[in-house]
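S.K.: heads up, no residue letters with this:
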């Protein structure tokens, strides 16, 4: 299997893994029994474990993409560096959402104090940490997509339609998140992930169908 095909497969698999995560991601509202909390924590742990593994696979594919789109203007190199920071941010967010918050909820359900305000304050505070890192990922990953798309429009490396879609959807995500119009709860994060996953998946199929060529940086 060629390097391009490996990278394309990783982009597709990582994107689909993220879609699966969002599909099974639990949502909860109102008071929960200890049994419901335990079930929610289990599902959350499984969902975010899939997310973390998918993120690693997606980053490996992104490295192949960066090599394929590489050009002397270094836009592709800047994109992979920014995407690496984005992956660290969403890794932290997934860890907080998948393991830390459910652990606190389990302890809260076991003790059931008369005043649950301190527990609610703790969960709300940690959730804000999750939201901050989710915003960092959404904006940084979108910026990386813009740079890869611009590099492709200038130097080739991806289909022109894929590159244009990347610029449009990434700018829309950055504006929506930065302006506060898009709240990154489960549904908001799903919208961001699906929009970005479509770009990565299309890029993956393009790389899969493309023969390996020498990087422009080495020419």
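M.R.: Ah, there it is. Because the structure is a prediction, the values reported are computed rather than measured.
S.K.: Show me where the protein dips below the pLDDT cut-off.
M.R.: In the predicted model, the chain carries pLDDT under 70 at residues 28-34, 111-117, 119, 211-219.
S.K.: all helices of it, in order?
M.R.: For the chain, applying DSSP state H gives helices covering 3-24, 34-69, 75-95, 101-111, 117-155, 160-178, 186-209.
S.K.: TSV for the ones you listed, including mean neighbour count?
M.R.: Where C-beta positions appear, they are placed from N, C-alpha and C, glycine not excepted. Listed next are the helices of the chain as TSV, based on neighbours: other Cβ atoms under 10 Å:
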stretch	mean neighbour count
helix 3-24	20
helix 34-69	19
helix 75-95	20
helix 101-111	16
helix 117-155	19
helix 160-178	18
helix 186-209	20
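S.K.: who are the neighbours in contact with the nearest residue to residue 61 once chain neighbours are set aside?
M.R.: Leaving out its chain neighbours, the residue that sits closest to residue 61 by Cβ to Cβ, 6 or more residues apart in numbering is residue 10, at 3.1 Å. Applying Cβ atoms under 8 Å, 6 or more residues apart in numbering to residue 10 gives the contacts 57-58, 60-61, 64, 204.
S.K.: Go again with 7 Å.
M.R.: Residue 10 is in contact with 57-58, 60-61, 64, counting by Cβ atoms under 7 Å, 6 or more residues apart in numbering.
S.K.: Mind putting the residues you listed into CSV with distance to residue 138?
M.R.: What follows is the contacts of residue 10, written out as CSV (distance: Cβ to Cβ, whole Å):
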residue, distance to residue 138
57, 19
58, 15
60, 21
61, 19
64, 23
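S.K.: Pick the one among these closest to residue 174.
M.R.: Of all those, residue 58 has the smallest distance to residue 174: 19.3 Å, by Cβ to Cβ.
S.K.: so how far is residue 52 from the closest residue to that closest one other than its chain neighbours?
M.R.: Closest residue to residue 58 apart from its sequence neighbours, by Cβ to Cβ, 6+ apart: residue 14 at 2.8 Å. Per Cβ to Cβ, to the nearest Å, residue 14 is found 11 Å from residue 52.
S.K.: again, but for residue 141
M.R.: Distance from residue 141 to residue 52, by Cβ to Cβ: 15 Å.
S.K.: OK, contacts around the nearest residue to residue 134 once chain neighbours are set aside?
M.R.: Leaving aside its chain neighbours, residue 134 sits nearest to residue 184 (4.3 Å; criterion: Cβ to Cβ, 6+ apart). Residue 184 makes contacts with 131, 134-135, 138, as judged by Cβ under 7 Å, 6+ apart.
S.K.: Likewise for residue 20?
M.R.: Residue 20 makes contacts with residue 50, as judged by Cβ under 7 Å, 6+ apart.
S.K.: From residue 48, how far out is it?
M.R.: Taking Cβ to Cβ, one finds residue 20 at 12 Å from residue 48.
S.K.: can you check residue 14 too?
M.R.: Applying Cβ to Cβ to residue 14 and residue 48 gives a distance of 15 Å.
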